[in-house]
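**Q** kindly return the folded structure for what I paste below:
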Amino acid sequence: MTGPTPRTRDEELLLARISAAAGRARLGRRLATHTATAYRPRTWFGHRLAIRRLSARARYGPSPTTRPSPSARIDLYAQGMTVVVKGRVHVVRYDTTSVFRHNAGHRRSSFAWAAVIHTLTDVEGKRLVLYGGPEAGGDTLGWERVAERAVTCARLPGALAALHHGERLWFGDVWLTTERVGYKEAGAAWPWSQVQRMDVAGGFLTLTADGRQHRLGPTLSRIPNVFVFRALAEHCRGGGTP
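**A** Predicted coordinates:
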């Protein structure tokens, strides 16, 4: 029986850098390590191009003549994650990051797709475009669900407290209070008592009120932390109390 393969010196140095960055950000205990395909775009155009490239891989698979290899290492911690892209360690905290989900496949159910690309902001406000599916050379749903649940757990208590203190919470151009949900400052708004259902249709967040479906805001990919919004909406629709 053989033991684990010893780390190389470069691997040991990288692990030390990751641990140091996580320690400075107080991310807590390391939980798991995953791989993904990642980009660190520096411009708006670069961001759109990265999403377009990953979407093509997710939809059609890799080229028959090439097999993509993961370009990023993701280490999950109790309070956040580190992402290594081209040798640079980026730190993401669950309680401060903005996560945007980009549809890269057919819709499977409300708020979820067969393939999803994520844009996350790190602690410096820089954008990271990540996809962990096998078509992009990474783990299958290895970190995505964990990260979304962790962001929700980190953000939800404070958001609920703010709501029940009478604040209006914004998710991009979409907002909600304990009484209403709406779009933009002077846009349409609906009392929760009239909202019968919230769903996703054609890449847009929709709600059904009084038997009619209404589009709520821009495309879903422009709504930050939509899974946190969903948890708050379910709470308000149910007449939840703090």
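**Q** may I have the lengthiest helix in the chain as CSV, with CA atoms only?
**A** The longest helix of the chain (DSSP state H) is helix 144-163. The C-alpha coordinates for helix 144-163 follow below in CSV (Å, rounded to 0.1, in the frame of the first residue of the first chain):
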residue,chain,number,x,y,z
GLU,A,144,-21.2,26.1,-5.7
ARG,A,145,-23.9,24.8,-3.4
VAL,A,146,-21.7,25.1,-0.4
ALA,A,147,-20.8,28.7,-1.2
GLU,A,148,-24.4,29.7,-1.9
ARG,A,149,-25.7,28.1,1.4
ALA,A,150,-22.8,29.8,3.3
VAL,A,151,-23.5,33.2,1.8
THR,A,152,-27.1,32.8,2.7
CYS,A,153,-26.3,31.8,6.3
ALA,A,154,-23.9,34.7,6.6
ARG,A,155,-26.2,37.4,5.2
LEU,A,156,-29.7,36.3,6.2
PRO,A,157,-29.7,37.1,10.0
GLY,A,158,-28.6,40.7,9.4
ALA,A,159,-31.0,41.1,6.5
LEU,A,160,-33.9,39.9,8.5
ALA,A,161,-33.1,42.2,11.3
ALA,A,162,-32.9,45.2,8.9
LEU,A,163,-36.2,44.3,7.4
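**Q** what does that helix contact?
**A** 31-32, 76, 79, 81, 93-95, 97, 99, 116, 118, 120, 132, 169, 176-178, 225, 227-228, 231-232, 235-236, 242 (CB atoms under 8 Å, 6 or more residues apart in numbering). In this view, the C-beta of every residue, glycine as well, is placed from N, C-alpha and C.
**Q** quickly list what the residue positioned nearest the centre of the chain is bridged to.
**A** The residue lying closest to the centre of the chain (CA atoms, centre = their mean) is residue 99, at 3.5 Å. Beta-bridge partners recorded for residue 99 (DSSP bridges): residue 120.
**Q** OK, contacts around it?
**A** 118, 119, 120, 147, 148, 151, 224, 225, 227.
**Q** burial count for the fourth one?
**A** In this case it means residue 147. 24 (other CB atoms under 10 Å).
**Q** repeat that for the last one.
**A** For residue 227, the count of nearby residues is 20 (other CB under 10 Å).
**Q** ok, it to residue 220 distance?
**A** 11 Å (CB to CB, to the nearest Å).
**Q** and if you look at residue 35?
**A** 26 Å.
**Q** just residue 123 next, same as before
**A** Counting by CB to CB - residue 123 and residue 220 are separated by 25 Å.
**Q** the two: who's more crowded?
**A** Higher neighbour count among residue 123 and residue 220: residue 220, with 22 against 15, using other CB under 10 Å.
**Q** identify the residues contacting that one.
**A** Residues near residue 220 by CB under 8 Å, 6+ apart: 101, 103, 200, 203, 204, 205, 226.
**Q** what pLDDT does it get?
**A** Looking at residue 220, its pLDDT reads 86.
**Q** same question, residue 109
**A** Reported pLDDT for residue 109: 43.
**Q** any weak-confidence spans in this structure?
**A** 1-5, 57-69, 104-115, 133-141, 239-242 (pLDDT under 70).
**Q** domains in the chain, as residue ranges please.
**A** 9-151, 164-237 (automatic domain parsing).
**Q** reformat these into CSV and put distance to residue 157 next to each item.
**A** Formatted as CSV, the domains of the chain follow (distance: least, CB to CB, whole Å):
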stretch, distance to residue 157
domain 9-151, 10
domain 164-237, 11
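**Q** hang on, the earlier thing: roughly how far is the longest helix of the chain from the heart of the chain?
**A** 11 Å (CA atoms, centre = their mean, to the nearest Å).
**Q** now stretch 230-238
**A** Counting by CA atoms, centre = their mean, stretch 230-238 comes out at 19 Å from the chain centroid.
**Q** may I see the buried residues of that stretch?
**A** 230, 231, 232, 233, 235, 236, 237 (16 or more other CB atoms under 10 Å).
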